Each structure stands twice: as structure tokens, then as C-alpha cells.
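> I'd like to go over a predicted model; first the sequence, then the structure.
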Amino acid sequence: MEKKVFVRDATGLVKSFGTTDLVLIATALVFGLGCCPVQLPYFYGFNPGADLGLSLAIASIPFILLMLVYWAIGVIMPRSGSDYVWVSRIFHPSVGFAWSLIYMFAVFMVGYIGTVLAYSYTFSIALTVWGIFYNAPGLVSLGNYLSSPIGSFWFALVFTAIFALFGVFGGGLIKKFMYVTWVLTIIGIVLMWWLLGSTTPAMFAAKWDSILTNYTSYEGLLTAATKAGYTRPLGGMTAVFAALPIASLFLLGGNFGGNVIAGEVKNVRRAVPLALFLSLLFGIIFWTVSGYLTLNAVGANWLYAVSYSWEVQTAAYTLPFPPSQPLFLAIIAFPQTLLLLIVLLMYLIGGIQGLFVYFWVPTRYIFAWSFDRVIPTRFADVNDRFHSPHVAIGAITGLSVIMLILYSFTSWPTVMTIGTVLWDAAYIIPALGAVAFAYVKRDLLNQAPSFMGRKVFGIPVLAILGLLCALGFVDIGYTAFTNPLISVPTVAGIAIAVGLIVFAGVVYFISVQYHKRAGLDIGMAFKVIPPE
């Protein structure tokens with residue numbers, strides 16, 4: 001019996017998600033309340049005086065180009081792991097596998113492993129704040145436990161097990177989960193904006209001093225930062241451009257959720273571009289408004305100073321907890337116990353959907369590699385009842401446990417700061433794929449959005465967009481590599497990146513030889529788009 005090029009005539013995955021679903025999935029990766037309690041102090045600590053909204057608007061330029069490229073990828077090759085399918089069909093299967101392995105690994109490490117551990121930090125902050133406000137030492141102790149390596153590890157492990165179950169049970173449960181958590185997130189955002197908008201620096205300072213009587217006063221923190229070298233910033237465009245490297249980090253992720261699961265999305269020609277561009281727009285709006293309201297609520301100069309001492313001159317920062325958003329909101333809501341509880345709960349729930357998507361989406365790469373027979377075909381198995389790739393989900397769960405152990409109990413966090421560099425630089429390859437596609441896959445160019453097939457000076461618009469996008473992410477990747485505020489490249493980190501490339505090449509070569517002995521040329525699969 002002749003062996004099939006692909007594992008099956010159909011993937012076995014079903015089109016569970018509509019346009020709104022995909023928008024929610026993509027947007028969850030651009031912002032979330034619970035996953036980013038100290039993002040604003042991080043931004044302002046290193047860039048005091050910078051206009052966050054303007055920095056985001058300028059930083060969005062290469063991301064707009066990226067979304068245009070991923071729009072083409074999503075509608076031309078709407079399959080699971082679509083950018084892997086794109087790169088492997090345009091360049092070479094080994095290039096596609098190596099590229100997607102590095103990209104998936106980087107996003108998974110930074111987007112899931114790093115973030116799920118940071119999520120325990122959010123819980124820790126919330127419990128510590130509640131314990132301090134209501135003189136409950138037990139809650140403070142629990143908060144301290146969750147901020148410890150062992151506490152954050154067990155916390156992350158529990159969430160990983162829950163996410164694995166959601167992934168196995170498939171699209172119906174995932175959609176319910178996304179809608180419920182997003183409703184709660186929107187409530188939390190509106191509540192946060194209302195609290196910040198109804199507060200002035202004088203009101204905030206008075207509450208700070210009356211509640212945190214055992215800690216440094218509002219003015220005392222400003223004085224300490226000033227003595228440590230902080231000066232009132234001038235702001236202006238110089239500060240805006242200096243802030244672009246960090247501002248760009250706020251925008252990562254939307255294309256990941258808005259494209260990789262394209263094979264399970266209905267009406268991709270409408271859903272994909274809306275998910276890509278709305279996630280970018282909503283992310284910019286969320287961070288701009290949140291930053292503006294926070295500065296006006298707690299005092300711009302005070303937040304710049306406190307963030308500076310917390311991030312830059314750490315010896316001058318005298319508080320045992322960070323200047324986090326949950327802390328600011330709790331102070332504003334106090335002494336209204338019910339309001340305070342709702343604020344903290346909404347903040348905790350408001351990032352969980354993004355965590356799940358960062359866990360769930362990488363399983364589609366594992367599935368796609370297996371469906372092309374690059375890795376064992378067992379990983380392409382699909383549950384008959386839930387239509388989910390349960391073996392791939394089991395694999396990512398096992399990888400999560402290993403990575404959580406490394407991240408929690410070794411020097412892995414320092415090593416994997418290279419992950420942000422890899423994440424940024426990875427987009428160069430599919431962007432160059434857009435350049436090559438216009439020439440090597442001209443028969444499929446008519447499937448791209450119509451304007452992308454038009455020519456300017458004889459060059460297809462898609463190729464121009466791809467080249468500009470590649471250049472943009474060359475700059476972003478270089479900046480991430482050379483900016484110590486973003487990454488600290490180590491020999492071990494670089495060795496891991498090189499090792500992954502070598503590993504991918506070895507796996508692909510072994511797979512080719514293995515199937516060749518069975519009378520199958522797996523290279524034939526890469527001459528066509530996989531079946532749906």
C-alpha cells in the first residue's frame with residue numbers, strides 16, 4: 001500500500017473559531033491586567049518623562065508592516081502553524097523547521113514560562129497588599145511564599161495542568177473560557193480607569209501616608225530618589241525615541257495568536273486581518289490610556305522618581321514591595337473593602353486568558369511538524385471527540401514542567417534573556433519570505449489581498465512590505481541584543497540558540513532518511529500546502 005505524503009487526507013482539526021474569537025485570542029497577547037503589574041514602572045523607571053502613547057505609536061510602524069505580512073501568510077496559507085508552513089514552502093523544509101523551532105521556543109519561554117511565573121508575582125502582590133492593609137500576617141506570609149522560587153513554581157504548575165485540560169477539551173470550552181475571562185477583564189479595565197481618573201496626586205499622597213504608616217512616606221520616596229540622582233526629566237522627543245526599545249516590547253504577541261491557529265478559523269480573509277490590526281490598536285489604546293491615567297492619579301514626577309529608584313538606583317528604594325499597579329489601585333480603593341476585593345480579583349483574573357493562549361498556540365507548531373512527518377507522526381494525533389491534538393498538548397505540558405524547573409531553580413532566567421532577542425529577530429525570516437514569495441510562488445499571489453499583488457516600479461507590493469518589515473525587525477532585534485535593559489546575552493544563551501538550529505537540522509536529516517528507507521520522499525509534502 002502506498003504511503004501518504006501527509007499523515008492523513010485531512011488534519012482532523014475543525015474550524016471552531018470565528019472572527020470575534022480570533023480577535024479576543026490575538027488581543028489577549030498584547031495586554032492583560034494580571035500579567036503586567038509593573039510594566040508602567042518598568043517603562044518610566046528607565047525612560048522618565050517619555051510619552052508612552054507617542055512612543056507606542058512610533059514603535060508600531062514596524063509592527064504594522066509585520067501585521068501586513070502576517071495578513072498575507074494567514075490568508076494564503078491558513079493552516080495550523082501557518083508561518084511555519086509559509087517559511088518551509090518558500091525556502092526549504094529544514095529552514096522552516098529550524099526557524100519555527102527557535103521562534104516557538106522563544107515565544108513559549110518568554111510569553112508563557114516567564115509570564116506564568118510573573119503571574120504568581122501578581123498574586124503575591126495582591127495578597128501582600130491585603131495583608132498589610134488589614135493587618136493579616138498570614139496573607140503577607142502567603143504572598144511572600146508565592147514570590148519565592150518554590151511557591152511560584154507550584155503555582156505555575158497548577159495553572160499549566162489546568163491549561164492542558166482546557167486545550168484537550170477543545171474549541172467549545174476554550175471559547176467559553178475566553179469570553180468569560182474577557183468580560184471580567186473589561187470590567188476590571190473600566191474599574192481601573194475609573195479609579196485612576198477619579199484620583200488626584202494630593203488625594204493619593206494623603207491615602208498613601210495614612211495607610212502605609214510603617215513605610216516610607218509619599219514625599220520620602222521622592223526625596224530618596226532625588227538623593228540617589230533622580231532629576232525632573234525634560235521629556236520631549238528625545239525621551240520618546242529613547243523609550244522606543246522598551247515600548248516595542250508592549251506590542252509583541254498579537255500576530256502569534258492571530259495567525260498560528262488560522263487552520264481552525266472560519267472566514268480567514270475577514271478574521272485574520274481584523275484580529276491582527278485590532279489587537280495592535282487595542283494594545284496601544286490600553287497602554288496609552290492606562291499610562292496617562294496612572295501618571296495623573298499618583299503624580300507624574302513621583303512615579304518617575306519612584307520607578308527610577310526601584311529600577312535604576314535600587315539601594316534608594318526602601319519599600320519591601322514594588323511600586324505596582326495593584327498597590328496603587330488598592331490604595332485608591334481603600335477603605336471600601338468590597339471595592340478593594342473586586343479590584344484585586346479583577347486584576348488577578350484579567351491576565352489569565354493571555355497565559356492560556358501562550359501555552360496553547362505552540363501546540364499547533366508541534367502538530368504541523370508532525371503532520372509534515374518532520375517529527376514522529378504520533379504528535380499529529382487528534383482526539384475524535386474534542387478534535388484537539390492531545391499528544392501535542394501533552395508534549396507542550398511536559399516541556400512546560402521541564403522549563404519551569406529550569407526557570408525556577410537554576411540560572412535559566414539570565415540565560416534566556418536571549419529569548420526576547422530571538423523573538424524580535426525571528427520575524428525577519430517570514431518577512432523575507434514575503435519578498436521571495438512574490439517571485440517563487442507567483443501562482444499563489446492572487447490569493448493575497450489584491451493590493452499586495454500590484455506592482456510599484458515592477459516590484460510586487462507584498463515584496464516591498466516584506467523587505468521593509470525585515471529591515472524594521474533587523475533594527476529591533478539588534479537593539480534588543482545590544483540594550484542591557486532588554487537582554488543580557490550570555491555564552492550559554494547564544495549556545496542554546498545555535499544548538500536549536502543544529503538540533504533542527506539533525507532531526508530533519510534523520511526524518512528524511514528514515515522515511516526514504518520506507519519508500520517515502522517527505523520533501524514532496526513541502527511542494528504543496530497541507531490539506532485542511
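Looks like it arrived, so ask away.
> Tell me how far Asn483 lies from Thr417.
Using C-beta to C-beta, to the nearest Å, Asn483 is found at 11 Å from Thr417. To be clear about C-beta, it is placed using only N, CA and C from the backbone, and glycine gets the same treatment.
> right, I mislabeled it, should have said Gly114
Distance, Gly114 to Thr417, by C-beta to C-beta: 10 Å.
> do the same with Val343
32 Å.
> and if you look at Gly523?
Distance, Gly523 to Thr417, using C-beta to C-beta: 37 Å.
> Of these two, which one has the most company?
Using other C-beta atoms under 10 Å as the criterion, Gly523 and Thr417 rank with Thr417 on top: 18 against 14.
> The residue lying closest to the more buried one once chain neighbours are set aside: how many residues sit nearby?
Counting by C-beta to C-beta, 6 or more residues apart in numbering, Ser487 is the residue found nearest to Thr417 once chain neighbours are left out, at 4.1 Å. Using other C-beta under 10 Å, Ser487 is surrounded by 20 other residues.
> shouldn't Ser487 be in contact with Ile418?
Yes. Using C-beta atoms under 8 Å, Ser487 is in contact with Ile418, at 6.1 Å.
> now the lengthiest helix in the chain: mean pLDDT?
Scanning the chain for the longest helix, with DSSP state H as the assignment, gives helix 268-298. The average pLDDT within helix 268-298 is 94.
> For the stretch 201-350 of the chain, just list every one of the helices.
Ranges of helices in the stretch 201-350 of the chain, per DSSP state H, counting those that start in this stretch, are 201-211, 218-227, 236-242, 244-249, 254-257, 268-298, 300-311, 325-333, 337-349.
> Out of those, flag the one nearest Ala392.
Nearest to Ala392 among the helices of the stretch 201-350 of the chain is helix 254-257 (16.5 Å), distances taken as C-beta to C-beta.
> Check what pLDDT the residue nearest to Thr417 gets.
For Ser487, the pLDDT comes out at 75.
> Kindly report the same for the one 3 residues further on.
At Thr490 the predicted local confidence, pLDDT, stands at 80.
> likewise Thr19?
Value for Thr19, per-residue pLDDT: 93.
> Please tell me how far the closest residue to it other than its chain neighbours sits from Gly74.
Leaving aside its chain neighbours, Thr19 sits nearest to Ala271 (4.1 Å; criterion: C-beta to C-beta, 6+ apart). Per C-beta to C-beta, Ala271 is found 8 Å from Gly74.
> Tell me which of those two has more neighbours.
Per other C-beta under 10 Å, whichever of Ala271 and Gly74 has more neighbours is Gly74, with 30 against 24.
> Surely that one touches Val260?
No. Applying C-beta under 8 Å, one finds Gly74 not in contact with Val260, separated by 9.2 Å.
> shared neighbours of the two, anything?
Ser82 (C-beta atoms under 8 Å, 6 or more residues apart in numbering).
> check contacts around Trp369.
Applying C-beta under 8 Å, 6+ apart, the residues near Trp369 are Gly81, Tyr84, Phe97, Ser100, Ile375, Phe379.
> let me fix that: Val240
Contacts of Val240 by C-beta under 8 Å, 6+ apart are Ala50, Asp51, Leu54, Ser55, Ile58.
> Take the residues you listed and keep only those in helices.
Going by DSSP H, the helices hold Leu54, Ser55, Ile58 from these.
> between those residues, which has the most around it?
Ser55 (26 neighbours).
> from memory that residue sits against Pro245, does it?
No. Using C-beta under 8 Å, Ser55 is not in contact with Pro245, being 9.6 Å away.
> that older thread, give the residues shared as contacts by Asn483 and Thr417.
Counting by C-beta under 8 Å, 6+ apart, nothing touches both Asn483 and Thr417.
> Against Ile76, how distant is the nearest residue to Ile352 once chain neighbours are set aside?
Excluding the flanking residues, the one nearest Ile352 by C-beta to C-beta, 6+ apart is Thr181, at 5.6 Å. Thr181 is 32 Å from Ile76, where distance means C-beta to C-beta.
> between these two, who's got more neighbours?
Ile76 (25 against 22).
> Give me the nearest residue to that one, chain neighbours excluded.
Using C-beta to C-beta, 6+ apart, the closest residue to Ile76 is Gln447 (4.8 Å).
> before we move on, what about Ser94?
Tyr508 is the one closest to Ser94 (C-beta to C-beta, 6+ apart), at 4.5 Å.
> Contacts only, for the nearest residue in space to Leu339 that is not next to it in sequence.
Leaving aside its chain neighbours, Leu339 sits nearest to Ala333 (4.6 Å; criterion: C-beta to C-beta, 6+ apart). By C-beta under 8 Å, 6+ apart, the contact list for Ala333 reads Leu195, Leu339, Leu340, Val343.
> one more time with 10 Å
By C-beta atoms under 10 Å, 6 or more residues apart in numbering, Ala333 lies in contact with Phe133, Leu191, Leu195, Thr199, Lys207, Leu339, Leu340, Leu341, Ile342, Val343, Leu344.
> Ala72 too?
Applying C-beta under 10 Å, 6+ apart, the residues near Ala72 are 86, 272-273, 430, 433-434, 437-438, 445, 447-449, 452-453, 461-462, 465-466.
> What separation is there between Gly167 and Gly394?
From Gly167 to Gly394 the distance is 9 Å (C-beta to C-beta).
> Name the residue in these two with the higher neighbour count.
Legend: neighbour count by other C-beta under 10 Å for Gly167 and Gly394, higher for Gly167 (24 against 17).
> So which residues of the stretch 301-450 of the chain form strands?
Per DSSP state E, counting those that start in this stretch, the stretch 301-450 of the chain carries no strands over any range.
> for it, which spans come out with low pLDDT?
413-416 (pLDDT under 70).
> State the number of residues packed around Arg232.
If we define neighbours as other C-beta under 10 Å, then Arg232 has 12 of them.
> ok, it touching Pro48?
Yes. Between Arg232 and Pro48 there is a contact under C-beta atoms under 10 Å: 8.3 Å.
> give the contact list for Gly172.
Gly172 sits next to Ser16, Phe386, His387 when contact means C-beta under 10 Å, 6+ apart.
> before we move on, what about Phe250?
Contacts for Phe250 were tallied using C-beta under 10 Å, 6+ apart; they are 30-31, 36, 39, 42-43, 52, 55-56, 59-60, 283-284, 286-288, 291.
> Tell me the spacing between it and Val107.
Distance, Phe250 to Val107, using C-beta to C-beta: 15 Å.
> One more: Leu319?
Separation of Leu319 from Val107 (C-beta to C-beta) stands at 33 Å.
> same question, Val69
Counting by C-beta to C-beta - Val69 and Val107 are separated by 17 Å.
> Counting neighbours, go ahead and name the busier of these two.
Using other C-beta under 10 Å as the criterion, Val69 and Val107 rank with Val69 on top: 29 against 23.
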